[in-house]
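Peer 1: sequence-free structure coming up:
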């Protein structure tokens, strides 16, 4: 007897991710891993968490902090986020905010909101692997979102029709993208709005790394540019996803969606049916820390990760052989490497684990069609400077061999 | 410009629930509400939560408690739950356990796992409203799960085929059901297994209230009966959903699924794509409390709610006019009332709010087809004894008028 024959058709689209399978190998002692995408736990503001949790569990608050709460989320946290969004250029009110269990849940719920089977989503080539995982459950097709793509809106729309549905949204990670570390320019963001207007589709702006800029100037969020153009968030097609996972800590699972009210209203129904609401205690704790100490915490975080990025870029410069290139991110957690044609990231990983005791993610995992075999992703948020120096030295040996 | 035209077809099935809209009225001062389904916050084990949280955030644990963690869930909590399931008659290992963000998320993910559009789910008539909400997103049909239904398996299967899909599962709340308060007998549970075997479908056993038995003898879970019959959980079609929301506190959003490993494996992929994992801190806190103080907490909880149930049943006996009947639950949080034919629960609620300042949930909300208009659900976990006495007096006035 197996229940597998009863699974819905979408189950066929949901497979174990390469990264996940890979991470199982990383408990091996002595391994230098550049494969993860996790924050350095030494940077979690432990004291702030202890104080905020103690406050939320105090006699006058505990009954509320442990009780059911509304699907929209903690009003104080929604108000803080609305003020934050306004500050970064996207004026809105708390009615435009839904609290989610991390931005991964936002991606799942947005797939659920927009995608009927055989609809098409435009995504980067490469793009964030977790977004593909979330969307796959709704059985879409993917087409290429590429600023240098010359296909007309009509051509893109026709391809979607031929695939059996319609174009629903473009999904973008504009700031220090996972996996490439690259940031879209203002002109590229404006072009995405033009394209979405022409296609009459939504834009999903996944801005998980926005606050982790080390140098260079902030570029306005796509949502901010669209509000500037159209006068109000209610006239906008951009749906912004934010997260506290990279700025405070991921283990509390608190993120948000910021969008026009009809989108938020429908997402609230999805949230209600999906898990009722994000954990009440966690939202209260994050609201407290956001109000009291996030502003003083962020500069420490940026300085810490900037040093690691610098160490990695410097080591790459010294150890990589000719023909290897890599991105120079202004923030975030990742460097993206391109090897000479013919190299295969998956084969290289196998050798790296075997001969150098180092790990990274083969870049093809981030391409919807499994292309990009001569690329790989290197994380610099988790390993320390010594490990980065030694790891890049070993990677250099591997590529020079 | 509206993005509504871009919403997936499933959005049409996701509407604001009656209970939710209703609850907005309940902040009115002086109202006596029997509408909610929430635990009494005075019973949350606040000291245990403070101690467990302090431990999880101590220097030697904080880095892990606030970090990303595995999609399956906290190993210590999974081991505790596996031992608990074994203790209540369903021997299994931690490989059979997935941690979810409350049992509501388990229902959402199980809908996602099993239901293609136009498949049929067998549900109680009435059934838990939140299950209908979760399943609706996957666009199923519903057919009636009724022990006194004489339709053959072949007839049920044919109806599902005629509806455009196939029968995938029966969904049952066997213990002190929300909304009826009723408990299935062992014979009824065995009959459900027979039926599922004949139909080759899964059984979703939603056991959120299992631990809240005030009197009478425990009835073995359906999963336990099926394991006894078939020798191992791996041979079983029953998928058990449990929760800490009713026994510890709902605001942490920690529940679980217990099932054969191939089901858990696929649910882990859904969880990974859905929100990566449930909050790390919350799982550590619940594991600590489950191990240290749940056993001493439960008897207090049962005694407290039993008194409220007794107060409600006693008051109903004194205040209800002839022709009104109600269930006598052995546990849980709800009494289900049936009014003489011709009464309408929704009309009655409007009058109740206007003339008596009391609230309850019209029973039709719990019927997939909106029938059962002469029924209503009364909650006894949230109001105290004085409020229950006074509320039932007013309900009696209303029904006698």
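Peer 2: Sure, I can see it. Because the structure is predicted, anything quoted here is derived from the model rather than measured.
Peer 1: Look up the closest residue to residue A:51, ignoring the ones flanking it.
Peer 2: Nearest residue to residue A:51 in three dimensions, chain neighbours excluded: residue A:288, at 7.8 Å (CB to CB, 6 or more residues apart in numbering or on different chains). C-beta: built from backbone N, CA, C; applies to glycine.
Peer 1: Might you report the residue contacts of the one you found?
Peer 2: Contacts here follow CB atoms under 8 Å, 6 or more residues apart in numbering or on different chains; on that basis residue A:288 touches A:51, A:52, A:55, A:56.
Peer 1: Among the residues you listed, the buried ones, what's the ChimeraX command?
Peer 2: Here is the ChimeraX command that picks out the buried ones among the contacts of residue A:288, judged by 16 or more other CB atoms under 10 Å in any protein chain shown:
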select /A:51,52,56
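Peer 1: and the contacts of residue A:288, which two are the farthest apart?
Peer 2: A:51 and A:56 (9.8 Å; CB to CB).
Peer 1: all helices for chain A, in order.
Peer 2: Taking DSSP state H, the helices of chain A run over residues A:18-23, A:46-56, A:62-65, A:75-87, A:102-114, A:129-136, A:153-162, A:186-199, A:222-230, A:261-275, A:280-292, A:294-319, A:345-351, A:385-400.
Peer 1: looking at the ones you listed, which is buried most?
Peer 2: Comparing the helices of chain A by mean neighbour count (mean count of other CB atoms under 10 Å in any protein chain shown), helix A:102-114 comes out on top with a mean of 28.
Peer 1: If you count contacts, what does that helix end up packed against?
Peer 2: Packed against helix A:102-114, as judged by 3 or more CB pairs under 8 Å, 6 or more residues apart in numbering or on different chains; DSSP states H and E, are the following elements: strand A:97-100, helix A:129-136, strand A:167-172, strand A:202-206, strand A:238-243, strand A:255-258, helix A:261-275, helix B:261-275.
Peer 1: looking at these, which is closest to residue A:84?
Peer 2: Between residue A:84 and those, the tightest spacing by CB to CB is seen for strand A:238-243, at 8.2 Å.
Peer 1: What is that closest one packed up against?
Peer 2: Packed against strand A:238-243, as judged by 3+ CB pairs under 8 Å, 6+ apart, are the following elements: helix A:75-87, helix A:102-114, strand A:202-206, helix A:222-230, strand A:255-258.
Peer 1: what about it, distance to the chain center?
Peer 2: Remark: strand A:238-243 is offset 10 Å from the chain centroid, using CA atoms, centre = their mean, to the nearest Å.
Peer 1: Just want the angle from that strand to helix A:222-230.
Peer 2: Put simply, strand A:238-243 runs at 150 degrees to helix A:222-230, going by axes from the mean of the first three to the mean of the last three CA atoms, to 10 degrees.
Peer 1: contacts for strand A:238-243?
Peer 2: Defining contact as CB under 8 Å, 6+ apart, one finds that strand A:238-243 is touched by A:81, A:85, A:90, A:100, A:102-103, A:106-107, A:110, A:169, A:193, A:196, A:202-208, A:210, A:221-223, A:226, A:254-259, A:263, B:3.
Peer 1: average pLDDT across that strand?
Peer 2: For strand A:238-243, mean pLDDT rounds to 98.
Peer 1: Mind listing the strands it pairs with, and their directions?
Peer 2: Applying DSSP bridges, strand A:238-243 is found paired with strand A:202-206 (parallel), strand A:255-258 (antiparallel).
Peer 1: Report the mean confidence score over the last one.
Peer 2: For strand A:255-258, the mean per-residue pLDDT is 98.
Peer 1: burial of the residue nearest to residue A:180 when sequence neighbours are not counted, as a residue count?
Peer 2: Leaving aside its chain neighbours, residue A:180 sits nearest to residue A:336 (4.1 Å; criterion: CB to CB, 6+ apart). Around residue A:336 sit 22 other residues, with neighbours defined as other CB atoms under 10 Å in any protein chain shown.
Peer 1: tell me the contacts of residue A:336?
Peer 2: Residue A:336 neighbours (CB under 8 Å, 6+ apart): A:126, A:179, A:180, A:181, A:182, A:326, A:327, A:363, A:375, A:376, A:377, A:378.
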